[in-house]
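# I would like the atomic coordinates for the input below:
(chains A and B)
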Amino acid sequence: MARYNVREVEAKWQRIWQERQCFAAGADADRPKYYVLEMFPYPSGRIHMGHLRCYTLGDVIARYKRARGYDVLHPMGWDAFGLPAENAAMEKGVHPAEWTHANIAVMRDQLKSMGLSIDWSREFATCDPDYYRHEQHMFLVFFEAGLVAREEGWVNWDPIDQTVLANEQVIDGKGWRSGAPIERRKLPQWFLKITDYAEDLLAGLETLERWPERVRLMQENWIGRSEGAFIDFDLAGRNDRLSVYTTRPDTIFGASFCAVAADHPLADELAGSDAELAEFIETCRRLGTSEEAIETATKEGRDTGLAVRHPFVDGLELPVYVASFVLMGYGTGAIFGCPAHDQRDLDFARAYGLPVLPVVIPHDADPAAYRIADEAFLGDGVLANSDFLDGLDVEEAKRKVTERLQANGAGRGAINYRLRDWLVSRQRYWGCPIPIIHCGDCGIVPVPRQDLPVVLPEDVDLAAPGNPLERHPTWRKVDCPRCGKPSERDTDTFDTFIDSSWYFARFCSPKASAPVERGAVDRWLPVDQYVGGIEHAILHLLYARFFTRAMRRCGYLGVDEPFAGLFTQGMVNHVTYRTEDGEWVEPAEVEHLAAGGFARAGTGAPLIAGRVEKMSKSRKNVVDPSDVIDAYGADTARWFILSDSPPERDMEWTDAGAHGAYRYVGRVARLIEEAADQLPGTGVPAPAKFSDDARMLRRATHKAIAAVTDDIEQFRFNRAVARIYELCNVIGAAANDDGWARRESIETLLRLIAPMMPHLAEEMWQRLGHDTLLIDTPWPEPDPALLVDERVTMVVQVNGKLRGRLEMPRDAAAETVEAAARDVPNVQAALAGRSVRKAIVVPNRLVNFVV
RNA sequence: GCGCCUGUGGCGGAACAGGUAGACGCGGCAGACUCAAAAUCUGCUCCGGGCAACCGGGUGGGGGUUCGAGUCCCUCCAGGCGCACCA
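Purely as a prediction, here's the structure:
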């Protein structure tokens, strides 16, 4: 028997599929469409196990849907702009473009070696001027549509990456990429008005039924909708008002102070003439926003000396503080404090000796005796000490006080969001240039459409810190398109998350002269199944949802939601090894000792197996997918990654597991080799009658079809794999008396395996004598008649305890079953001397005697 | 603090819709083949007792509902994730 040569076979089929253009999308407009997309990779150098897992999952879906008769779009591209290219430029002196393209070349080959069913004719990289020219164009269209704002405000400055960051990119007070503590800076920047869509993005989540609940919840929290009111307090002695936001307008009669954020304009103004206040404001700004900082920080404030008038109580004035716990980024950056019903306000009031007046009395409390100790009361109750609100419950009081505020011109009901506008300017080189010209006379002038794209200059000095575009001797200098005077280009580039906010739309018509071709996006969008990591739950997925809405508003496409189905896959982990000195050791250097334990290859030094962790260079627990593919082949790598764990859960990569998958490849190859020459031909009709053994084999075969189909539909690939093993075991054990049934079972096995191990399946399909490709063969359909058994095994219980089993014809009458159950010897013994109070018969399942 | 998720053999995990717990794989043990190794094949493998048929226990802990609970309810514990001075 010729040994199955993995490398040759895999290369052969990859070549044939490519030559026949098997994966070109849009070949058949009569078929229903199916768009499968995995999050495109950043070309960092080589693919890693996370890529292998993600693209394998997507490929199984794509191949399965293709077999089910869909016209499948399954493209691939490169999220090619970003900081690592600039860092590489600084470290190695290679230009970012060169570095990026070299990485793409390597990674493209690696992906192709996986045997993915990708339409490579649609490939592009976001750093291609032919891609980003459209991005610039759309930005200008958005600009004209009022979706873009230029604002000077406090922004997040990353001192290591030397750029500003969006709110979503600040994690626990640190830059998402550099990890550096974020500083606050005041700069004029470009924003996309995602807040215009806050309500719509929230409402849209309801429609995303095929998204993980977890992701929808995270987005909901991030958008952070709250209902409340703005209240405008008159400032005593000034012809000015202080506007605050509150979700508890009902507690207005319990207000004992107002407080503004350190960054509030009023604080800013007062600091000019109050050195002590100015110093306090500085202290607040330096305060971290990390968890520890918040936990340990005390509620501090400084009295400004100003006071506001209570909107409903004549003559009552409340002091105005600058307070450390008030955030400029939420609401108006100012609050009124009601200590009795807000814990922070209570802490603050106790620290500064302010009054604490309860105005909501718990239902079970005595109004006359009710006092607040050191815990604010947040629950529902009856309003008291509150003039026209007395006796109402909280909801009624909110409504009534909001009405009254509105009538008095002192406020209004409002819905507030935590979501901020998306800051998209970056002071970096390797990104899409912002197509704006700043003219001393005309102000902000869009680059004329015919001058697009604004191409990145190649001759830049990347060695020094800061923005190379700003330093470039000539690039920024340009005449104003409006008045002709010497002007300057915007030297910022776009956040790379813009690049990934519409690439899925570009894939529909990647060569179009406009950003998208309407007919193409109308056919293909939304993406039917999107696959990627949970880490993009907010960032990329929220931005893309917004961008799709913006594109729709400007007539580019007709959908709101870009991704109808989302699957978030788990991470690939690996055990870590260390020497006794604590030095990390790569898996390749580890020797498994026969006596158990591990030693370092070469030196023999003992090693300690540590925790199973996410693969990372620093822990030296990385396994390169290409090493696995070279050694065992793509089918093995794909099979193992699918078989090990449910795809949404983290999995552990183990050599033993990979090896086991490789053994299975050999087992299938042997099974077919041994059977191939003995089976009847491909076109032989089914016999009129089957033997009992053949019927059993056929039942197992058709049950496997039904089960695997169901499992794939529900992304339970590990279970599908188990079902296939079961079928294989049955085939191996079955009596070989009916060639037709045997051919049916073996061919079914190959067809079920095909989405997961496409090369092996295709090769063996050919070996069985087919002259058509398996890739062009439809998915098998189970015969419903073969899915039900003629006889069933029923369980007999006594008081819920298993006492025996029973073979019965399917759907036997309850009395028959019960009588037979009583006759089971072991059951007789268990029932001896006891009277049966009740017998429960569950058809085809069990009998339970209650004694 | 708020919200969410997960706890099943040595390991990854399976168990429709409350009805045989542990499918399938990994690992392990025993055997066959072999001069030997690799590869392959066969059998066993939740724990305790028993030669065996069987018996008892068992899905993080405790309680409840039910003829019957891994599954439903309450509660506690452990691990993980998200958000967080959000007014």
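# burial count for A:Pro486?
Neighbour count for A:Pro486, taken as other CB atoms under 10 Å: 10. No exception for glycine: its C-beta is placed from N, CA and C like everyone else's.
# all strands for the stretch 501-650 of chain A, in order.
Along the stretch 501-650 of chain A, the segments classed as strands by DSSP state E, counting those that start in this stretch run A:529-533, A:566-569, A:572-579, A:584-585, A:590-592, A:598-600, A:606-614.
# Any chance of the ones you listed in a markdown table with mean neighbour count, distance to A:His438 and mean pLDDT as columns?
Formatted as a markdown table, the strands of the stretch 501-650 of chain A follow (neighbours: other CB atoms under 10 Å; distance: least, CB to CB, whole Å; pLDDT from 0 to 100):
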| stretch | mean neighbour count | distance to A:His438 | mean pLDDT |
| --- | --- | --- | --- |
| strand A:529-533 | 22 | 37 | 93 |
| strand A:566-569 | 22 | 40 | 93 |
| strand A:572-579 | 19 | 47 | 84 |
| strand A:584-585 | 18 | 50 | 83 |
| strand A:590-592 | 14 | 58 | 75 |
| strand A:598-600 | 17 | 60 | 79 |
| strand A:606-614 | 14 | 44 | 78 |
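# Now tabulate those in CSV and tack on distance to A:Phe388.
Listed next are the strands of the stretch 501-650 of chain A as CSV, based on distance: least, CB to CB, whole Å:
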stretch, distance to A:Phe388
strand A:529-533, 53
strand A:566-569, 50
strand A:572-579, 62
strand A:584-585, 69
strand A:590-592, 77
strand A:598-600, 77
strand A:606-614, 59
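# can you redo the ones you listed as TSV with distance to RNA strand B?
TSV is the format used below for these (distance: least, CB to the nearest atom of the strand, whole Å):
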stretch	distance to RNA strand B
strand A:529-533	11
strand A:566-569	10
strand A:572-579	10
strand A:584-585	20
strand A:590-592	9
strand A:598-600	14
strand A:606-614	9
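# Tell me which of those strands approaches A:Ile361 most closely.
With CB to CB as the measure, strand A:566-569 is the member of the strands of the stretch 501-650 of chain A nearest A:Ile361 (46.6 Å).
# Which neighbouring elements make contact with that closest one?
helix A:49-67, helix A:213-223, strand A:529-533 (3 or more CB pairs under 8 Å, 6 or more residues apart in numbering; DSSP states H and E).
# what's the following helix or strand after the second one?
So that's helix A:213-223. Downstream of helix A:213-223, the next assigned helix or strand under DSSP states H and E is strand A:226-235.
# So which residues make contact with that next one?
Outside strand A:226-235, the residues within contact range by CB atoms under 8 Å, 6 or more residues apart in numbering are A:241-249, A:252, A:258, A:306-311, A:318, A:320, A:332, A:336, A:398, A:401-402, A:405, A:409-418.
# list the helices and strands the helix or strand that comes right after it packs on?
Scanning forward in sequence from strand A:226-235 by DSSP H and E, the next helix or strand is strand A:241-246. Applying 3+ CB pairs under 8 Å, 6+ apart, one finds that strand A:241-246 makes contact with strand A:226-235, strand A:257-260, strand A:334-337.
# Tell me how far the last one lies from the chain's centre.
How far strand A:334-337 lies from its chain's middle: 36 Å, per CA atoms, centre = their mean, to the nearest Å.
# Toward the C-terminus, what is the element adjacent to that strand?
Following strand A:334-337 in sequence, per DSSP H and E, is helix A:343-352.
# sorry, back to before: among the helices and strands packed on strand A:241-246, which is nearest A:Pro843?
A:Pro843 lies closest to strand A:226-235 among the helices and strands packed on strand A:241-246, at 53.0 Å (CB to CB).
# in the closest one, what counts as buried?
A:Gly228, A:Ala229, A:Phe230, A:Ile231, A:Asp232, A:Phe233, A:Asp234, A:Leu235 (16 or more other CB atoms under 10 Å).
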